[in-house]
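need the 3D shape of this:
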Amino acid sequence: MKAPNFSLPDQNGNIHSLHDYAGKWLVVYFYPMDETSGCTTEACQFRDARDAIGESGGAAVVGISKDSVKSHEKFAAHHSLNFPILSDPEHKVIEAYGAWKHSPANPLGTHRDTVIINPAGEIVKEYRGVDPQQHAAEIIADLRQLQGQ
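Reported below is the predicted structural model:
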């Protein structure tokens, strides 16, 4: 399945689009809210695994939530995040990737979901409702398998 296009600002106000990653492996993870326990755990796991993920065929990591650029700026600085986190306040990209499920049981709306996109721009792996403690390690293993390493 072709990955939906996106064009969103990161924590520094720089715009990132899907086409910026053409020809590369890309991990896009969606999370509910900056500075919450599970979201902080997941972001820090990706931060700590960033080199290993990059070694897996040069894969890049991008986080997306509906929080503002200003919130992302504080979150990234507070936790020394080494990858872009994109702001989608209208949750259009979150919806396009199927990670938006707002309900009384999920008032934040965004589910903790991830996709791996191959160099051709196709979603080759989807994860729904991930465990933030184990997810980065799972991504590394799956990237290696997908790339035949």
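
shaky segments in this protein?
106, 149 (pLDDT under 70).

let's see 80
Along the chain, the parts satisfying pLDDT under 80 run over 56-57, 102-108, 149.

now the helices for it?
Under the criterion DSSP state H, helices of the chain are mapped to 37-55, 69-78, 92-96, 135-146.

minimum distance to His19: which of those has it?
When those are compared by C-beta to C-beta, helix 92-96 sits nearest His19, at 13.8 Å. For every residue, glycine as well, the C-beta is placed using N, CA and C.

ok now the closest one, how far from the chain's centre?
Mean-position distance between helix 92-96 and its chain equals 12 Å (C-alpha atoms, centre = their mean, to the nearest Å).

buried residues in it?
By neighbour count on 16 or more other C-beta atoms under 10 Å, the buried set for helix 92-96 is 93-95.

tabulate the helices of the chain (JSON lines), appending distance to Glu122.
What follows is the helices of the chain, written out as JSON lines (distance: least, C-beta to C-beta, whole Å):
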{"stretch": "helix 37-55", "distance to Glu122": "19"}
{"stretch": "helix 69-78", "distance to Glu122": "27"}
{"stretch": "helix 92-96", "distance to Glu122": "15"}
{"stretch": "helix 135-146", "distance to Glu122": "11"}
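
what about the closest residue to Thr40 other than its chain neighbours, distance to His16?
Excluding the flanking residues, the one nearest Thr40 by C-beta to C-beta, 6 or more residues apart in numbering is His79, at 6.5 Å. His79 sits 19 Å away from His16, going by C-beta to C-beta, to the nearest Å.

between the two, which one's more packed in?
More crowded of His79 and His16, by other C-beta atoms under 10 Å: His16, with 18 against 14.

report back the residue of this protein that's furthest from centre.
Pro104 (24.2 Å; C-alpha atoms, centre = their mean).

what about Glu122, neighbour count?
Neighbours around Glu122, by other C-beta under 10 Å: 12.
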